[in-house]
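In: could you look at this predicted model? Sequence included:
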Amino acid sequence: MNHYAILRIVTKLLIPYILLFGLYVQFHGDFGPGGGFQAGVIFAAGIILYGLVFGIGAARRVAPASIVERLIAVGLLIYAATGIAGMLKGGNFLEYGVLAHDAGHGQHWGILIVELGVGITVAAVMITIFFAFAGRERTE
Amino acid sequence: MADSNAAQLIVILLLALLGATAITIARMRQLWAAVMLTGVFSFLGAGWMLILDAPDVAFTEAAVGAGISTFLMLATLGLTSREAKPPAAFKPAPLVVVIVTGCALVYGTLDMPYYGDPDGHIHAYPDPSYIVKTNGDNGDPNDSEGEIKLPNVVTAILASYRGYDTFGETTVILTAGVGVILLLRRERRTTEQPEPPSADADRGGPA
């Protein structure tokens, strides 16, 4: 699709806003609508749009498969680590109240970090699925 | 939101378009166009969710339904065929099953409260005091009441009260990603560096 000038330019204009909106949904998720899953999918959609218009090779340069595949696990580990941090602070697994000096702040921190983990895993999985499908060639 | 006449008009228009899109998809033999129309369907569904005050669901529907799954379907079409097989001879049994199931579903909706009914279960249970207990939402954001003190109760439930569930769901997504890598990556590796045919039998399963 590299020779469609309108598509290319409109995509270039749109992608920063898609990624920014993904970050907004991620970090504003505890105050507005959204959360980790939605943010991860929106962020991944930005990268996928880039890959569709500028080619899978360009997308792989932006989001190298080796890094993206590691991020799948990193997101889940962030989630689990938050739970274990609560245990080390004397609470139960995934008890956020003990993470900060008062329970409300602890809940804010816990939810923010846990949602970040979800967002990273979801975005990485979506991008990985995109690469896996787009990288396949027709076999007959 | 759906109380004014203009909003009602939008709702009726959206639902009519959803119905029309669904019927068109069912009648279509051109898979390429059918996939694009499923994207349109998801997008209309996202608009409908927005009217129902469920922006979380609308985001997900727009990004996953209209965006990513449409792409995945198109990618699959690129690898297979663009035309549906001609329909087989008419069989009455599936039609009967579909009609009976449809009637059962419609019958099930008769028990549901009308949209926005203040006496509906979702507005009566659980007690609204649970929301105050969760986010301390009594007008003052700095009030010390509330266990979690987040304005978004959905996030508070998903990430904190049900943190364990969400952890499991994230694990499911990780597993799905690993599954896709295991299933689809093998192809690419074998094309990059051709292996002897016996190697495929060692790892088991057809490519």
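Out: Received the coordinates, thanks.
In: quick one: the strands in chain A, in order.
Out: Using DSSP state E, no strands are assigned anywhere in chain A.
In: show me where pLDDT drops low in it?
Out: For chain A, the stretches with pLDDT under 70 are A:1-2, A:138-140.
In: one more: chain B?
Out: Within chain B, the segments meeting pLDDT under 70 span B:1-3, B:128, B:135-145, B:186-207.
In: give me that answer again for 90
Out: The model of chain B has pLDDT under 90 over residues B:1-11, B:26-32, B:50-57, B:59-60, B:63-68, B:71-92, B:110-163, B:181, B:183-207.
In: tell me which residue is most central in it.
Out: For chain B, the residue nearest the mean C-alpha position is residue B:61 (5.5 Å; C-alpha atoms, centre = their mean).
In: do the helix or strand hosting residue B:131 and chain A meet?
Out: Assigned by DSSP states H and E, residue B:131 belongs to helix B:129-135. No - using C-beta under 8 Å from any C-beta of the partner chain, helix B:129-135 never reaches chain A; the gap is at least 10.0 Å. To be clear about C-beta, it is placed using only N, CA and C from the backbone, and glycine gets the same treatment.
In: off-centre distance for that helix?
Out: Averaged C-alpha coordinates place helix B:129-135 at 28 Å from its chain's average position (C-alpha atoms, centre = their mean, to the nearest Å).
In: other SSEs contacting that helix?
Out: When contacts are defined as 3 or more C-beta pairs under 8 Å, 6 or more residues apart in numbering or on different chains; DSSP states H and E, helix B:129-135 packs onto helix B:153-155.
In: which strands and helices lie in contact with the helix it packs on?
Out: Judged by 3+ C-beta pairs under 8 Å, 6+ apart, the packing partners of helix B:153-155 are helix B:129-135.
In: what segments of the chain are helices?
Out: Reading this off chain A. Assigned by DSSP state H, chain A shows helices spanning A:5-27, A:36-54, A:56-62, A:65-88, A:103-134.
In: looking at chain B here, not the other one
Out: According to DSSP H, the helices that chain B contains are B:5-27, B:31-51, B:55-60, B:69-79, B:92-109, B:121-124, B:129-135, B:153-155, B:163-192, B:198-203.
In: closest one to residue A:69 among the ones you listed?
Out: Closest to residue A:69 of the helices of chain B, according to C-beta to C-beta: helix B:163-192, at 6.7 Å.
In: what about residue B:34, neighbour count?
Out: By the measure other C-beta atoms under 10 Å in any protein chain shown, the count of residues near residue B:34 is 18.
In: dump the residue contacts of residue A:121.
Out: Neighbouring residues of residue A:121 by C-beta atoms under 8 Å, 6 or more residues apart in numbering or on different chains: A:40, A:71, A:72, A:74, A:75, A:76, A:79, B:170, B:173, B:174, B:177.
In: need those in CSV (columns: neighbour count).
Out: Listed next are the contacts of residue A:121 as CSV, based on neighbours: other C-beta atoms under 10 Å in any protein chain shown:
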residue, neighbour count
A:40, 30
A:71, 19
A:72, 25
A:74, 16
A:75, 25
A:76, 22
A:79, 26
B:170, 27
B:173, 20
B:174, 20
B:177, 25
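In: now the residue nearest to the centre of chain B, nearest residue through space, not along the chain?
Out: Nearest non-adjacent residue to residue B:61, counting by C-beta to C-beta, 6 or more residues apart in numbering or on different chains: residue B:46, 4.1 Å away.
In: do I have it right that the one you found meets residue B:65?
Out: Yes - here residue B:46 reaches residue B:65: they are 7.0 Å apart, a contact under C-beta atoms under 8 Å.
In: who has more neighbours out of the two?
Out: Neighbour comparison, residue B:46 and residue B:65: the larger count goes to residue B:46, with 21 against 17 (by other C-beta under 10 Å).
In: please list all residues in contact with the more buried one.
Out: B:58, B:59, B:61, B:62, B:65, B:66 are the contacts of residue B:46 under C-beta under 8 Å, 6+ apart.
In: tell me how far it lies from residue B:68.
Out: From residue B:46 over to residue B:68 the distance is 13 Å, taken as C-beta to C-beta, to the nearest Å.
In: excluding sequence neighbours, find me the nearest residue to residue 29.
Out: Went with chain A since none was named. residue A:35 (3.9 Å).
In: if you could check chain B rather than the one you did, that'd help
Out: Among residues not flanking residue B:29 along the chain, residue B:84 sits closest, at 4.8 Å (C-beta to C-beta, 6+ apart).
In: now for that neighbour: which residues touch it?
Out: Contacts of residue B:84 by C-beta under 8 Å, 6+ apart are B:28, B:29, B:30, B:31, B:34.
In: distance of it relative to chain A?
Out: Distance of residue B:84 to chain A, given as C-beta to the nearest C-beta, to the nearest Å: 18 Å.
In: what of residue B:51?
Out: Residue B:51 is 14 Å from chain A, where distance means C-beta to the nearest C-beta.
In: what number of residues lie near that residue?
Out: Residue B:51 is flanked by 15 other residues according to other C-beta under 10 Å.
In: stretch B:172-186: which residues count as buried?
Out: B:173, B:174, B:177, B:180, B:181, B:184, B:185 (16 or more other C-beta atoms under 10 Å in any protein chain shown).
In: alright, calling it a day.
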